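> Just need the structure, nothing else, for what follows:
(chains A and B)
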Protein chains: 2
Amino acid sequence: MNLILLHADDFLNPTQVRLYGRRREHVLNIHRAAVGDDLRVGLIDGLLGHGRIFCLTDQILEMEVLLDQQPPKPLPVTLLLALPRPKMLRRIIQSVSSLGVKKIHLINSYRVDKSFWSSSLLRPEKLQEQLLLGLEQSCDTILPEIHLQPRFKPFVEDDLPGISAATTAYVAHPGTGVDFPSRLKRPTTLAIGPEGGFIPYEVEKLQNCGFIPISLGERILRVETAVPVLLSRLI
Amino acid sequence: MNLILLHADDFLNPTQVRLYGRRREHVLNIHRAAVGDDLRVGLIDGLLGHGRIFCLTDQILEMEVLLDQQPPKPLPVTLLLALPRPKMLRRIIQSVSSLGVKKIHLINSYRVDKSFWSSSLLRPEKLQEQLLLGLEQSCDTILPEIHLQPRFKPFVEDDLPGISAATTAYVAHPGTGVDFPSRLKRPTTLAIGPEGGFIPYEVEKLQNCGFIPISLGERILRVETAVPVLLSRLI
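Numbers count the residues shown, from 1 in each chain, chains lettered A, B, ... in the order given. Model prediction:
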């Protein structure tokens, strides 16, 4: 936790907050902070700044806060990610959130096991937990949006043209396609398949929607490695 | 397992191999392969090619193999990585191996917990297991070397000048330093610190050894995310 994220209802008044639970414990046990110490804080969907501790007990943490800095710029990307297996999902969502992605669609694909869609980790509050951990890691305040798209065809035919409009759209497809460009600064839509990749029908549907197949060379990477490698091209 | 890795002692004769255990089970249960099927195979530290199954029982897998392709080019990098916590180590080693790094030094740092050095995961056969999983994932055959450097100062003073000679050397240091260049094709040495980063003394020692501090922008990434992001600049 490189940043203590504040919620609107943590505020006692416009400049003072009171925290309980996980955040208080972290400040006490990991930061080993004490009264008078300064911590990096940020308001969810708001500004970053500093908080000076004026009360820290085994129940509460109170800080005087000054929020005066803009959060880092978001990555200019909408990420379509074939739903990863639950074991990987948490970590991938944290990683994606820490990298500055703000628009995420978890999509279906032939190689996504149907059972993944009934994982309790897909509940909004569970996803939000992972997104917040990513923001706390990377010192960002802007909460990403996640949309679940459990039906591939209607999503690609009906919703995707609107989502990818006015962006350059790429689908990562190992072994084929052009080399993925670096230093993309323009709005981008990026589709990343499941372990084993999208099937040819799915790649074709995405191509019909304007997606350009791109490759990272001969190596086939696990999704958890491919995601940061691909997103790094947008940093 | 996108590639079945063969050991020299799997060969019955120059063109036939017999496999047992994990690889046989994987071919049977995950690939769901049968007699007559072709699989991608590669000889450790040798060529890639194909294997045609001519016997598959509940004990053995036998293939006729043809090895005629070069493995993918290694990344031109020597990676110095502050020893990650054991929980993360396996995954990070797999990921680094899958990305094509061939020279790895796991190094000490002030923020590396001393207990990490006594993890059983650092035994050569345990590290090799993770390296092989990375190669099987990415379809590569060249086994990376891992060196353990449990003492920072003597390593940096005595060994590192020889290791980083004739390379451009960078140390990833969040929040300071120049932007990390893309499309590095030249020999590179890259040092990545622990969670929380190298301490100023360590950065200074590395700078004295010619390392250039580089940053990835304002965001602070977990090591498991930072490693593929940084290495992607060399792909």
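> Mind listing what's buried along the lengthiest helix in chain A?
Identified as the longest helix of chain A according to DSSP state H is helix A:124-138. Neighbour counts over helix A:124-138 (16 or more other CB atoms under 10 Å in any protein chain shown) mark A:Leu127, A:Gln128, A:Gln130, A:Leu131, A:Leu132, A:Leu133, A:Gly134, A:Leu135, A:Glu136, A:Gln137, A:Ser138 as buried. Any C-beta I mention is one placed from the backbone N, CA and C, and that applies to glycine too.
> I'd like the next helix or strand past that helix.
Sequence order places strand A:145-149 as the next helix or strand after helix A:124-138, per DSSP states H and E.
> Name the surrounding residues that touch that following strand.
Strand A:145-149 is contacted by residues A:80, A:83, A:93, A:102-108, A:117, A:122, A:127, A:131, A:155, A:159 when judged by CB atoms under 8 Å, 6 or more residues apart in numbering or on different chains.
> just the CA coordinates of it, formatted as PDB?
C-alpha atoms of strand A:145-149 as PDB (Å, rounded to 0.1, in the frame of the first residue of the first chain):
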ATOM      1  CA  GLU A 145     -14.700   0.400 -14.700                       C
ATOM      2  CA  ILE A 146     -15.100  -3.400 -15.300                       C
ATOM      3  CA  HIS A 147     -17.800  -4.700 -17.500                       C
ATOM      4  CA  LEU A 148     -18.700  -8.400 -17.800                       C
ATOM      5  CA  GLN A 149     -19.400  -9.700 -21.300                       C
END
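> Partner strands of that strand and their direction?
Its sheet considered, strand A:145-149 pairs with strand A:103-107 (parallel) by DSSP bridges.
> the inter-axis angle of the partner strand versus helix A:124-138?
130 degrees (axes from the mean of the first three to the mean of the last three CA atoms, to 10 degrees).
> where exactly do the helices run in chain A?
Using DSSP H, helices in chain A cover A:21-29, A:86-98, A:124-138, A:152-154, A:160-164, A:200-208, A:223-231.
> most packed of those?
helix A:223-231 (a mean of 24; mean count of other CB atoms under 10 Å in any protein chain shown).
> Does chain B have contacts with that one?
Yes - residues of helix A:223-231 are located near chain B by CB under 8 Å from any CB of the partner chain, namely A:Glu224, A:Thr225, A:Pro228, A:Val229, A:Leu230, A:Leu231.
> Can you give the distance of that helix from its chain's centre?
12 Å (CA atoms, centre = their mean, to the nearest Å).
> and what of stretch A:13-28?
24 Å.
> Chain neighbours aside, what residue packs nearest to A:Leu133?
Take A:Leu133 and drop its neighbours on the chain: the residue closest to it by CB to CB, 6 or more residues apart in numbering or on different chains is A:Gln94, 5.0 Å away.
> residue contacts, that neighbour?
So A:Gln94 contacts A:Gln130, A:Leu131, A:Leu133, A:Gly134, A:Gln137, B:Arg222 (CB under 8 Å, 6+ apart).
> As CSV, these with distance to A:Arg18 would be great.
Output for these, formatted as CSV (distance: CB to CB, whole Å):
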residue, distance to A:Arg18
A:Gln130, 25
A:Leu131, 23
A:Leu133, 22
A:Gly134, 25
A:Gln137, 24
B:Arg222, 29
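> Quick check: the two most widely separated of those residues?
A:Leu131 and B:Arg222 (14.4 Å; CB to CB).
> roughly how far apart are the residue nearest to the spatial centre of chain A and A:Arg90?
By CA atoms, centre = their mean, the mean C-alpha position of chain A lies nearest to A:Ser97, the distance being 2.3 Å. A:Ser97 sits 11 Å away from A:Arg90, taking CB to CB, to the nearest Å as the criterion.
> swap in A:Leu5?
18 Å.
> circling back to that earlier point, which residues do A:Ser97 and A:Arg90 both contact?
A:Gln130.
> does any part of the helix or strand bottoming out on mean pLDDT in chain A sit near chain B?
Lowest mean confidence among the helices and strands of chain A (mean pLDDT, DSSP states H and E): strand A:178-179, at a mean of 72. No - residues of strand A:178-179 contacting chain B under CB under 8 Å from any CB: none, with a closest distance of 9.2 Å.
> With stretch A:185-194 instead?
No - applying CB under 8 Å from any CB, one finds stretch A:185-194 separated from chain B by no less than 12.2 Å.
> quick one: average pLDDT of that stretch?
For stretch A:185-194, mean pLDDT is 92.
> Give me the neighbour count for A:Gly175.
Using other CB atoms under 10 Å in any protein chain shown, A:Gly175 has 13 neighbouring residues.
> how about it, what does it touch?
A:Ser215, A:Glu218, A:Ile220.
> Filter those residues down to just the ones in strands.
A:Ser215 (DSSP state E).
> Nearest to A:Pro76 among the contacts of A:Gly175?
Nearest member of the contacts of A:Gly175 to A:Pro76, counting by CB to CB, is A:Ser215, at 21.5 Å.
> where does the nearest residue to A:Pro86 once chain neighbours are set aside land on pLDDT?
Among residues not flanking A:Pro86 along the chain, A:Ser119 sits closest, at 4.1 Å (CB to CB, 6+ apart). pLDDT recorded at A:Ser119 is 96.
> circling back to that earlier point, state the paired neighbours of the least confident helix or strand of chain A in the sheet, together with their directions.
Applying DSSP bridges, one finds strand A:178-179 paired with strand A:212-215 (parallel).
> Surely the residue nearest to the centre of chain A and A:Pro144 touch.
Yes - using CB atoms under 8 Å, A:Ser97 is in contact with A:Pro144, at 5.5 Å.
> which pair in the contacts of strand A:145-149 spans the largest distance?
It's A:Lys102 and A:Trp117 that sit farthest apart of these, by CB to CB, at 23.3 Å.
> who has more neighbours, those two?
Neighbour count, other CB under 10 Å: between A:Lys102 and A:Trp117, A:Lys102 has more, with 18 against 13.
> Against A:Leu67, how distant is that one?
20 Å.
> can you check A:His7 too?
13 Å.
> what's the answer for A:Phe152, then?
42 Å.
> Could you break chain A into its assigned domains?
If you go by automatic domain parsing, the domain ranges for chain A are A:4-69, A:77-234.
> Can you name the residues of chain A that neighbour chain B?
A:2, A:72, A:91, A:94-95, A:98-100, A:137-140, A:182-183, A:216-222, A:224-225, A:228-233, A:235.
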